[in-house]
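# next comes the sequence, and after it the predicted model I'd like to discuss.
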Amino acid sequence: MYKTGLMPDEVTYSAVLDVYAKLGKVEEVMSLYERGRASGWKPDSIAFAVLAKMFGEAGDYDGIRYVLQEMKTLGLQPNLVVYNTLLEAMGKAGKPGLARSLFEEMVDSGIVPNEKTLTALVKIYGRARWARDALELWERMRLKGWPVDFILYNTLLSMCADLGLVEEAEKLFDDMKLSEKHKPDSWSYTAMLNIYGSGGSVDKAMDLFKEMSEKGVGLNVMGCTCLIQCLGRAKRIDDLVRVFQTATSAGVKTDDRLCGCLLSVVSYCKGEDSDKVLGCLELAKPELVEFVKLLSGEESNNFDFVKEEFKRILSNTAVEARRPFCNCLIDICRNRNCHERAHELLYLGTIYGLYPGLHTKTEEEWRLNVRSLSVGAAQTALEEWMGTLAKIVQRKENLPALFSANTGAGTHKFSQGLGGAFASHVEKLAAPFRESEEKAGFFIATREDLVSWVQSKASSSSSSSAVSAV
């Protein structure tokens, strides 16, 4: 167009900006924008919405600020579409405080938020774990009569589930039941099942399951997973089997997350209960059940065979479910006193990339990161690490001043917390770690502590050998 002497108009500029932005060509977008501004073009709200969305998807906070400053310079008041785009951008950039300020600016300017605005803000508050702000926003919606839809209701319920806000979720759920337009749907019930399941409220979860059947609300795979997890923890295995059979008969397609949940239940069940859960799992993923049986069978002595079978299981499993599967399999081995096999599975999981960042090293500190591991896997990792460190001390290699293990703090109200189980295992091993007073979820030991521990163990072993000889 420039070569022919034609100058783009407002619509052309905005359209071309949109194309470049969708292609992710940030430099081309900014070059065209600046060229247009230099030629006298005055961008409209659509152009700024394009810029805001582009910077938001990139999580570019400086870019978002640039959009706001440009609009202010031109004396252009953002409309609802631009505000919504900017709010979503603030969320992706991880700026909850600025998102709140922008929302207040929008309301003060006389613009009434719509469902998309409020949903974006609730999601931002939920990610930031700003429960109070989200619930205050909900009360404000009710008082002002701002529009609400299914997505907004379910977003609020999901936030309550993530933060463990039981009473608030129940109140919100009751509001939906009383609503003429927004009766709870399958996703609403799933959020409540998640809340009750995480909190161990088995009877409430089962009552909700019955209510869904009575009202003809279909149980989806996520709801089924939440309910099975809850029943498994409560050792109500017959109810678990009934729920699984009801769900699959109704057409629920099992996924790897549900299979992982069943495998997790197997890890702390024994005897007949274990067989019942394995029966459910066999209907969903028979090759996984065969591998569980292999771990404690005669073939388990053949490491190469186990390795190939484990590799085959992983290749047929969704990426996000591979580490949970490995965690559960390690737990099953430990609970069946197959400790050597547990260590081999941890090794296989490590070489197959399931535990990136398990060990980190700097000149000052070596750290074991077990926050993404199950209890059994974390215990196995600690045993493996202590054995390795003992060999390094015996070889008199250079050591850092500090050693630490990170189990994670667990911010969720219903978080099981790995720290307690890890602390018990540290005590059982008489390992030289102590809980950090400064950092929650951290266990620390100095170089001197570790060396003294290794020397003490060596001395004890020598004494035991001497006594045996006598």
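Nice, thanks for sending it over. Source: prediction; values computed, not measured. Residues are numbered from 1 along each chain as shown.
# make it CA atoms for all contacts and neighbour counts henceforth
Fine.
# just the helices in the stretch 301-450 of the chain please.
With DSSP state H, counting those that start in this stretch as the definition, the stretch 301-450 of the chain shows helices at residue ranges 303-315, 319-335, 339-351, 375-394, 419-429, 447-469.
# the fourth one - contacts with which helices or strands?
Applying 3 or more C-alpha pairs under 8 Å, 6 or more residues apart in numbering; DSSP states H and E, we find helix 375-394 packed against helix 319-335, helix 339-351, helix 419-429, helix 447-469.
# closest one to G216 among these?
Of all those, the one in closest proximity to G216, counting by C-alpha to C-alpha, is helix 319-335 (30.6 Å).
# one step back: ok, which of the helices of the stretch 301-450 of the chain comes nearest A191?
Distances from A191 to each of these were compared using C-alpha to C-alpha; the minimum, 20.8 Å, belongs to helix 319-335.
# which other helices and strands contact that closest one?
Packing partners of helix 319-335 (3+ C-alpha pairs under 8 Å, 6+ apart): helix 256-267, helix 339-351, helix 375-394.
# which of these sits most buried?
Mean neighbour count (mean count of other C-alpha atoms under 10 Å) peaks for helix 256-267 among those, with a mean of 23.
# what's that one in contact with?
When contacts are taken as C-alpha atoms under 8 Å, 6 or more residues apart in numbering, the neighbours of helix 256-267 outside the stretch itself are 221-222, 224-225, 228-229, 232-233, 274, 277-278, 280-281, 284-285, 317-318, 321, 324-325, 328-329, 331-332, 335.
# any chance of TSV for the helices and strands packed on helix 375-394, columns mean pLDDT?
Formatted as TSV, the helices and strands packed on helix 375-394 follow (pLDDT from 0 to 100):
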stretch	mean pLDDT
helix 319-335	96
helix 339-351	96
helix 419-429	91
helix 447-469	71
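# ranking those helices by burial, who's on top?
Ranked by mean neighbour count, the helices and strands packed on helix 375-394 are led by helix 319-335 with a mean of 22 (mean count of other C-alpha under 10 Å).
# what angle separates that helix from helix 256-267?
Orientation check (axes from the mean of the first three to the mean of the last three C-alpha atoms, to 10 degrees): helix 319-335 against helix 256-267 gives 10 degrees.
# which other residues reach helix 319-335?
256-257, 260, 263-264, 266-268, 292, 295-296, 314, 339, 341-343, 345-346, 349, 354-355, 373-377.
# what about the stretch 51-200 of the chain, any weak spots by pLDDT?
Along the stretch 51-200 of the chain, segments meeting pLDDT under 70 are nowhere present.
# residues of stretch 44-58 that come out buried?
44-56 (16 or more other C-alpha atoms under 10 Å).
# which one among these gets closest to V243?
Within the buried residues of stretch 44-58, distances to V243 taken as C-alpha to C-alpha reach their minimum at G56, with 42.2 Å.
# run through who's touching stretch 146-164.
For stretch 146-164, contacts defined as C-alpha under 8 Å, 6+ apart pick out 112-116, 118-119, 122-123, 126, 129, 131, 134, 141, 166, 168-169, 172-173, 176, 182, 187-188, 191-192, 194-195, 198-199, 412-414.
# so which of those sit within helices?
Among these, the members falling in helices (DSSP state H) are 115-116, 118-119, 122-123, 126, 131, 134, 141, 166, 168-169, 172-173, 176, 187-188, 191-192, 194-195, 198-199.
# show the buried residues in these.
115-116, 118-119, 122-123, 126, 131, 134, 166, 169, 172-173, 176, 187-188, 191-192, 194-195, 198-199.
# for the closest residue to F443 other than its chain neighbours, the count of nearby residues, please.
Closest residue to F443 apart from its sequence neighbours, by C-alpha to C-alpha, 6 or more residues apart in numbering: E435 at 4.3 Å. Taking other C-alpha atoms under 10 Å as the criterion, the count of residues near E435 is 17.
# gap between E435 and A161?
Distance of E435 to A161, given as C-alpha to C-alpha, to the nearest Å: 30 Å.
# where does pLDDT dip in the stretch 301-450 of the chain?
When residues are selected by pLDDT under 70, those of the stretch 301-450 of the chain lie in 409-417.
# again, only this time at 50
For the stretch 301-450 of the chain, residues meeting the criterion pLDDT under 50 lie at 411-416.
# could I get the contacting residues of E88?
E88 makes contacts with 53, 56, 120-121, as judged by C-alpha under 8 Å, 6+ apart.
# ok, it to G353 distance?
For E88, the distance to G353 equals 33 Å [C-alpha to C-alpha].
# repeat that for A440.
Plainly put, A440 is 27 Å away from G353 if you go by C-alpha to C-alpha.
# the more surrounded of these two?
The residue with more neighbours, out of A440 and G353 and counting by other C-alpha under 10 Å, is A440; that gives 14 against 11.
# average pLDDT for stretch 28-38?
The predicted model assigns stretch 28-38 a mean pLDDT of 81.
# for the remainder of this discussion, apply numbering that starts at 31.
All set: I'll call the first residue 31, so the last point we hit is now stretch 58-68.
# CA atoms only: put it into CSV for me.
Listed next in CSV are the C-alpha coordinates belonging to stretch 58-68 (Å, rounded to 0.1, in the frame of the first residue of the first chain):
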residue,chain,number,x,y,z
GLU,A,58,6.0,-6.0,13.4
VAL,A,59,3.0,-5.0,15.4
MET,A,60,4.9,-2.2,17.2
SER,A,61,6.7,-1.1,14.0
LEU,A,62,3.3,-0.7,12.2
TYR,A,63,1.8,1.0,15.3
GLU,A,64,4.6,3.5,15.5
ARG,A,65,4.6,4.2,11.8
GLY,A,66,0.9,4.8,11.9
ARG,A,67,1.1,7.1,14.8
ALA,A,68,3.9,9.1,13.0
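# give the buried residues for that stretch.
If you call a residue buried by 16+ other C-alpha under 10 Å, then stretch 58-68 has these buried ones: 59, 62-63, 66.
# any idea how far it is from the middle of the chain?
40 Å (C-alpha atoms, centre = their mean, to the nearest Å).
# cool, stretch 404-420 as well?
Here stretch 404-420 is found 24 Å from its chain centre; the criterion is C-alpha atoms, centre = their mean.
# all helices for the stretch 31-180 of the chain, in order.
Secondary structure of the stretch 31-180 of the chain (DSSP H, counting those that start in this stretch): helices located at 40-52, 56-68, 75-87, 91-104, 110-122, 126-138, 145-157, 161-174, 180-193.
# which of the ones you listed sits closest to K391?
helix 145-157 (30.2 Å).
# residues making contact with that closest one?
Here helix 145-157 makes contact (C-alpha under 8 Å, 6+ apart) with 113-114, 117-118, 121, 124, 126, 129-130, 161, 163-164, 167, 176-179, 181-182, 185-186, 189, 192-193.
# same check on stretch 206-221?
For stretch 206-221, the surrounding residues in contact (C-alpha under 8 Å, 6+ apart) are 179-180, 183-184, 187-188, 191, 203, 238, 242, 247-250, 252-253, 256.
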